[in-house]
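> Sequence and predicted structure are below.
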Amino acid sequence: MKRSLLKWEDADFWYAKTQSPPIGVKTGNYIDELLARIDISSEFSILDVGCGNGTISIPLTKNVRHVTALDSDPGLLPTLTHKCMSEGISNLRFANEDWIQARIGIDIESHDIVLASRFRRLIPIRKFLEQMNQAATKLCYLTWIVDREEIDPQICEILKKEYHSLPRYDLISNVLSRMEISATVEFFESLDTHRFENENDAIEEAARGYKIESREAKERIAALVKSELKQRDGFWWKDTTTKWALVWWRK
């Protein structure tokens, strides 16, 4: 787990990959696929652990009584506040907390549902899951990548950097089993479609966060990105399918 997160320790890389607006137009059905599998009610409260820029928290506000969007980065507050104001959302609160260090019942109150969607940093894993289990009164949900068509391994190979994939999803269910929690694992697929004005935008998007110095490396990465693009309707497109594991359990 620690090895797979090495590149994310670089703050510039992390922001470039997860917080900066995508180049071009990116759409996907992950949120719809996830929400279709979560047992939610208009009376529920939900804690969204690692909320990021509110990709999940904002849609959830339309389906539940209250959402707490938790993240350790205080810089996300302006973005979430602006989104809530522009959409007239009044049932979302931002919690600036380190999830592992947060005291349940003191720093963070209990919620009906605790959700960790696409959260990579499950370190230490057992403590992360114990926090989820303690904070939830009804249900816990966690999503984890099973398989995705990624370009990062090839980019790292070109740059002669180590690349470590994420652990298998069953690591999570095995840890839960040792905690005497019987979890259910469901699988679903999501499709991301990325539209670019030109090939250069696609290359810039794929290379964001990486420090590419040599001309040869830039040319090889450019050729790699172009090989995965399709041209139609005057634009360049990249479609990416991801298989997810939804690990969940009832209290």
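That came through, no problem.
> any idea how far Tyr30 is from the most centrally placed residue in the chain?
Taking CA atoms, centre = their mean as the criterion, Arg118 is the residue nearest the geometric centre of the chain, at 3.2 Å. Arg118 sits at a distance of 8 Å from Tyr30 (criterion: CB to CB, to the nearest Å). C-beta here means a position set from N, CA and C on the backbone, and glycine is covered the same way.
> Check Glu9 and give its pLDDT.
On pLDDT, Glu9 comes in at 69.
> Quick check: Pro22 touching Phe196?
No - the pair Pro22 / Phe196 is not scored as a contact, 9.8 Å apart, by CB atoms under 8 Å.
> Comparing these two, which residue is more hemmed in?
Comparing Pro22 with Phe196 by other CB atoms under 10 Å, the one with more neighbours is Phe196, at 23 against 12.
> residues touching that one, list them.
23-24, 202, 205, 229, 235-238 (CB atoms under 8 Å, 6 or more residues apart in numbering).
> Does it have any beta-bridge partners, and if so which?
In this entry, Phe196 is beta-bridged to Trp236, by DSSP bridges.
> Return the residues in contact with Phe235.
Per CB under 8 Å, 6+ apart, neighbours of Phe235: 195-197.
> Which one of those is nearest to Thr81?
Minimum distance to Thr81 across the contacts of Phe235 is 28.9 Å, recorded for Arg195 (CB to CB).
> which stretches of this structure have low pLDDT?
9 (pLDDT under 70).
> Which parts of it are strands?
25-28, 45-49, 66-71, 92-96, 111-116, 136-148, 184-196, 230-232, 235-250 (DSSP state E).
> Name the residues that touch the longest helix seen in the chain?
When the chain is scanned for its longest helix (criterion: DSSP state H), the result is helix 215-227. Around helix 215-227, the neighbours that count as contacts under CB under 8 Å, 6+ apart are 151, 154-155, 158-159, 199, 202-203, 206-207, 212.
> This completes my enquiry, with thanks.
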